[in-house]
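S.K.: One predicted model, sequence on top.
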Amino acid sequence: MSRYPLSVLRFTSFMKQFKQFHILEHTFDPQTMKGKFSYTFDDEVNFTEIIDFWNNLEFKIQNLELKILDNLLFHLSIALGISYYKLSPTANIKLQNWTLNEDQIFFWKQFYINGLGEFFFTNNLKPFAPEFISNCSPCEGRGTSHSEVVGLFSSSTNKALVPLGGGKDSLVSVELIKKLGISFNTCTFGKDKPLYTQVNDIIHTPRLFISRELDPLLFAMNKEGYYNGHVPISGIIAFVLVTAAYLYDYKYIVMSNEKSANEGNTEIDWMVINHQRSKSLEFEKAFDTYVQKYLSPDLKYFSILRGMYEIKIAKEFAQHPQYFSAFSSCNRNFHILSPLSSVPQSGAKGDAEPMAKQGDLSPHSELWCNHCPKCAFVYSILRPRITHKQTLQIFGKELYEDASLEQLFKELLGISGIKPFECVGTNEEVILAMRKYRINSANREPRTATPYIMKIFESEILPKMTESDLQKLEEKLMRIYPENNIPPEITF
């Protein structure tokens, strides 16, 4: 099979409609530690993705069992495939030389339909779950029946793997794991970034780096008009991390997903659209159950921050000023910082987050663009906890004074529009954060004038809320909730 020539893809008024998406073979080279994953639409348009698990650091690779590795890579291939499938979603997904049981099929249908919820919404498509079919039965033993599970693995250590995003949440997780005395390493995925290095240098632990090379044809077809949009990147990373846990022998995968991630952005028909669905407790529990049944009976995947809202996490983070000049929660900085920024990476807006224009960059643009939802939200929840000087150290300016952010803050406050399709917290958290800033600002600001954004808050939010309402809001958002998936042996 050869690639579908790009010249043929240049349609004037329509995209080619494919009948079926095929998940083909996966391969793994133990010498290079590279996994290759192949896909096709109707044997006409072909893709190959590469995941590189190799590390030149002090990580010891286990003695690998091919049956276990084959099982892990197959599941990873389904997760990775969603980035290509979304170009032209088909009713069926065909599995090459593998089969799934009914329970697994249900999981993957939910992974695709809920993981592509925002994609369906932004592209004005009716949500649907693809049917997963196999071209073999029983695939010569490659697959899972109800009575037999093959290729499971167990860990021989109690080590934890902590994915590092460079933002405040994963750094709070790191500090909690340190307090608990659990042996851990950090991990990053995608393209390596200077941000990861500068944050990890403060943590002082070896970092496992796993690289991802998306097929360039994916982006070429996006330019030709094929569908683009958000993919469940955290769900994809979850399967990458389980594979890494086997290769390098970890028992715990410690995520940094907060309670706020459980809340959706909007609805379409009967479906809740949640940009952070693969960060939600619902996904976490479903994934953890799936892993223990079909991949590893004793590996635990959980978020140590699950019981906290983002505003509570910000309070914890403010106690660690050693990170202030190094961290960033801005998605756009990943392109600004990356020496490979011409190659888009999976992110919050599908497979590519738009780069900030050079003329828009702030003095701290290498870490914060200061005009995206993430910057505005993190600024809001941190601002009551830090001084004006620390604010300038982190963001380079006071965002509440920027009138151009009016509409963005109205969306974050719930005044107009919907909550932005970004990994941001709830409207209530922004309301409480602004309320706390307003109370504390006299002690933290070297000025008396009310910032532009705060005037909006004071005119459109405060008159609708009593002191009792605000007190109840603080009680709700600043506590730690018991609903989580944390193993009973890990307490803090």
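M.R.: Done, it's in.
S.K.: switch to C-alpha atoms for all contacts and neighbour counts from now on
M.R.: Fine.
S.K.: what about the strands in the protein?
M.R.: 21-29, 34-41, 45-52, 92-95, 131-134, 160-163, 184-190, 207-213, 252-255, 266-268, 271-273, 300-303 (DSSP state E).
S.K.: Which strands border the last one, and is each parallel or antiparallel?
M.R.: When you say that, I think you mean strand 300-303. Each strand that strand 300-303 pairs with, and the sense of that pairing, follows from DSSP bridges: strand 252-255 (parallel).
S.K.: what's the closest of the strands of the chain to residue 77?
M.R.: For these, proximity to residue 77 was assessed by Cα to Cα; strand 34-41 is nearest, at 6.1 Å.
S.K.: residues touching the residue positioned nearest the centre of the chain, list them.
M.R.: Among the residues of the chain, the smallest C-alpha distance to the mean C-alpha position (Cα atoms, centre = their mean) belongs to residue 234, namely 3.6 Å. Remark: with contacts taken as Cα atoms under 8 Å, 6 or more residues apart in numbering, residue 234 is in contact with 278, 279.
S.K.: How about residue 454?
M.R.: Residue 454 makes contact with 400, 434, 438 under the criterion Cα under 8 Å, 6+ apart.
S.K.: ok, the last one to residue 451 distance?
M.R.: It stands for residue 438. Between residue 438 and residue 451 the computed distance is 10 Å (Cα to Cα, to the nearest Å).
S.K.: how about low-confidence regions in this protein?
M.R.: Low-confidence segments of the chain (pLDDT under 70): 1-14, 56-58, 136-150, 264, 274, 333-365, 418-423, 441-448, 492.
S.K.: re earlier: nearest to residue 290 among the strands of the chain would be which one?
M.R.: The stretch from those with the least distance to residue 290 (Cα to Cα) is strand 300-303; that distance is 10.4 Å.
S.K.: ok, and for that closest one, which residues are buried?
M.R.: Judged by neighbour count (16 or more other Cα atoms under 10 Å), strand 300-303 contains these buried residues: 300, 301, 302, 303.
S.K.: what does stretch 388-398 give?
M.R.: Taking 16+ other Cα under 10 Å as the basis for neighbour counts, the residues of stretch 388-398 that come out buried are 388, 391, 394, 395, 396, 397.
S.K.: Kindly report the same for stretch 26-44.
M.R.: Those buried within stretch 26-44 under the rule 16+ other Cα under 10 Å are 26, 28, 34, 35, 36, 37, 38, 39, 40, 41.
S.K.: Serialize those to a markdown table and add fields for distance to residue 99.
M.R.: Putting those into a markdown table (distance: Cα to Cα, whole Å) gives the following:
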| residue | distance to residue 99 |
| --- | --- |
| 26 | 14 |
| 28 | 20 |
| 34 | 24 |
| 35 | 20 |
| 36 | 20 |
| 37 | 17 |
| 38 | 17 |
| 39 | 16 |
| 40 | 18 |
| 41 | 19 |
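S.K.: now for the residues you listed, which pair is the farthest apart?
M.R.: Using Cα to Cα, the buried residues of stretch 26-44 reach their maximum pairwise distance at 34 and 41, which is 23.7 Å.
S.K.: and of the buried residues of stretch 26-44, the nearest to residue 86?
M.R.: Minimum distance to residue 86 across the buried residues of stretch 26-44 is 11.2 Å, recorded for residue 41 (Cα to Cα).
S.K.: quick one: contacts for the closest one?
M.R.: By Cα under 8 Å, 6+ apart, residue 41 lies in contact with 18, 19, 20, 21, 22.
S.K.: Export these to TSV and append columns for neighbour count and distance to residue 133.
M.R.: Rendered in TSV, the data for the contacts of residue 41 read as follows (neighbours: other Cα atoms under 10 Å; distance: Cα to Cα, whole Å):
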residue	neighbour count	distance to residue 133
18	15	16
19	14	13
20	18	10
21	26	10
22	25	10
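S.K.: Rebuild those as TSV, extending it with distance to residue 289.
M.R.: As requested, the contacts of residue 41 are exported to TSV (distance: Cα to Cα, whole Å):
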residue	distance to residue 289
18	34
19	32
20	29
21	27
22	26
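S.K.: Could you single out the nearest of those residues to residue 51?
M.R.: Of all the contacts of residue 41, the one with the least separation from residue 51 (Cα to Cα) is residue 22, at 18.9 Å.
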